[in-house]
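A.B. asks: Sequence and predicted model, in that order:
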Amino acid sequence: MAETAEHAGLRKSALVVGASGIAGSAIVERITKQDGWDIAGLSRTPTAHGNSRHIRADLSSPDSLTQALADERPTHVFFTAWSRQATEKENIAVNAGMLRNVLAALAHAPVEHVALMTGLKHYIGPFEAYGLGQMPDTPFVEDEPRLPVDNFYYAQEDELVAAAERQGFRWSVHRAHTVVGHAVGNAMNMGLTLAAQATICRKLGRPFVFPGSETQWNGLTDMTDGSLLAEHMIWAATTPAAANEAYNIVNGDVFRWRRMWPKLASYFRVEPEGFNGDPRPLVEQMRGADKIWATIADEHSLQERDLRRVASWWHTDADLGRNFEALADMSKSRLAGFTGYRRTEDSFLGLFDRYRSDGVIP
């Protein structure tokens, strides 16, 4: 491999794929605060972070990407995009295909490192086989064998390693748990979803009802702050000794929802109500809430009056409805030199403050 930009003292160039999402926007935001980087964000929605440039392309179209990236010369690629499909076989075809298309379109570029975001469904299986069969013991560690099920994370990892061998770049995989971070219109956004739930409950004078299972209410779990995920991906991408490995990335603390839920309720000044016999999914609790949210948005001049772009009830129901424990070990990252940490309570409350300041929630 040729001398890297870091060793040559040259400017580094980042291409962030999925730059409008929780992880992608956090990466762009963090890199814009560092010297020595040129930054481009590839996404369907334009991004506006500091000196970053926006690139629009269809990730499913090799021709679209070839044209959009013809003049790009990134040294570091951060891939955080995904597209939800009806079945896992379709997820594999579409999401592995998007990664393959991006990397093929950059065959001309001096790419040194590609960092790929995946998640703990590497260990627990995709949504259609969620927690079925024999899962590894918790906390999950990175060298667990793959589950015998279709999983687009596995297909993406295979595409990444194969492209690295062909094109000569380093790589890293970042397996996050539920990511809490700043974005609107994201398909998996528990932080904003819970904020929307609490806001609607306050408007209607209802209690803030935990939607999930007894296992999740009482058991230990963990999460991933979007800013910590960004820090982790940039660390691996710019630390050659950390390359060519898969890493778990979670905040570093563990918590129980039965203790966290009242703290979230207190922030929004609503009455918390915990698990009480059976899960009470948000899909049911929030049925018909679209008009209520639109009214709240008009009353407070909020950014987004379309509740579908604010709350992802299905995703939060899936996470909090699990009947099994899910948490990850961070030892591999620690031993490799990564020391980042977040307290999950602070992640939630800081995120709510930011959404409020930006006019996303009242």
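C.D. replies: Nice, I can see it. Numbers count the residues shown, from 1 in each chain.

A.B. asks: can you give me the strands for the protein?
C.D. replies: Ranges of strands within the chain are 12-17, 37-42, 53-55, 76-79, 113-119, 170-176, 179-180, 208-209, 220-221, 224-225, 245-249, 255-256, 272-273, based on DSSP state E.

A.B. asks: I'd like the average pLDDT over the second one.
C.D. replies: Taken as a whole, strand 37-42 has a mean pLDDT of 94.

A.B. asks: Let me know whether residue 184 touches residue 360 as I believe.
C.D. replies: Yes: assessed by Cβ atoms under 8 Å, residue 184 is found in contact with residue 360 at 6.1 Å. Any C-beta I mention is one placed from the backbone N, CA and C, and that applies to glycine too.

A.B. asks: Residues that sit against both of those two, list them.
C.D. replies: Residues touching both residue 184 and residue 360 (Cβ atoms under 8 Å, 6 or more residues apart in numbering) are 192, 303, 304, 310.

A.B. asks: neighbour-wise, which of the residues you listed leads?
C.D. replies: Neighbour count (other Cβ atoms under 10 Å) singles out residue 192 as the most crowded of the shared contacts of residue 184 and residue 360, with 27 neighbours.

A.B. asks: distance of that one from residue 132?
C.D. replies: Distance of residue 192 to residue 132, computed by Cβ to Cβ, to the nearest Å: 29 Å.

A.B. asks: And for residue 359?
C.D. replies: Residue 359 sits 42 Å away from residue 132, going by Cβ to Cβ.

A.B. asks: Could you do residue 330 as well?
C.D. replies: 26 Å.

A.B. asks: ok, residue 244 - contacts?
C.D. replies: So residue 244 contacts 164, 170, 171, 172 (Cβ under 8 Å, 6+ apart).

A.B. asks: Which of the strands of the chain has the highest mean neighbour count?
C.D. replies: strand 224-225 (a mean of 30; mean count of other Cβ atoms under 10 Å).

A.B. asks: Contacts for that strand next, please.
C.D. replies: 176, 177, 178, 179, 180, 181, 249, 250, 251, 342, 344, 347.

A.B. asks: Adjacent strands (with direction) for that strand?
C.D. replies: strand 179-180 (parallel) (DSSP bridges).

A.B. asks: And the contacts of the strand it pairs with?
C.D. replies: Under the contact criterion Cβ under 8 Å, 6+ apart, strand 179-180 has outside partners 22-23, 188, 190-191, 223-226, 229, 344, 347-348, 351.

A.B. asks: do that again at 7 Å, thanks
C.D. replies: Outside strand 179-180, the residues that touch it by Cβ atoms under 7 Å, 6 or more residues apart in numbering are 22, 23, 190, 191, 223, 224, 225, 226, 229, 347, 348, 351.

A.B. asks: show me the contacts for the closest residue in space to the first one that isn't next to it in sequence.
C.D. replies: Right, residue 22. Leaving aside its sequence neighbours, residue 22 sits nearest to residue 181 (Cβ to Cβ, 6 or more residues apart in numbering; 3.8 Å). Residues in contact with residue 181, defined by Cβ under 7 Å, 6+ apart, are 22, 23, 26, 191, 225, 226, 227, 351.

A.B. asks: rerun that using 8 Å as the cut-off
C.D. replies: Applying Cβ under 8 Å, 6+ apart, the residues near residue 181 are 22, 23, 25, 26, 189, 191, 225, 226, 227, 229, 351.

A.B. asks: gap between the fourth one and residue 19?
C.D. replies: To tie it back to what came earlier, the one meant is residue 26. 10 Å.

A.B. asks: ok so, going back, quick check, nearest of the contacts of residue 244 to residue 260?
C.D. replies: Nearest to residue 260, judged by Cβ to Cβ, of the contacts of residue 244 is residue 172 at 29.9 Å.

A.B. asks: Can you give me the pLDDT of the closest one?
C.D. replies: Residue-level confidence at residue 172 comes out at 98, pLDDT.

A.B. asks: For residue 194, list the residues it contacts.
C.D. replies: 264, 316, 348.
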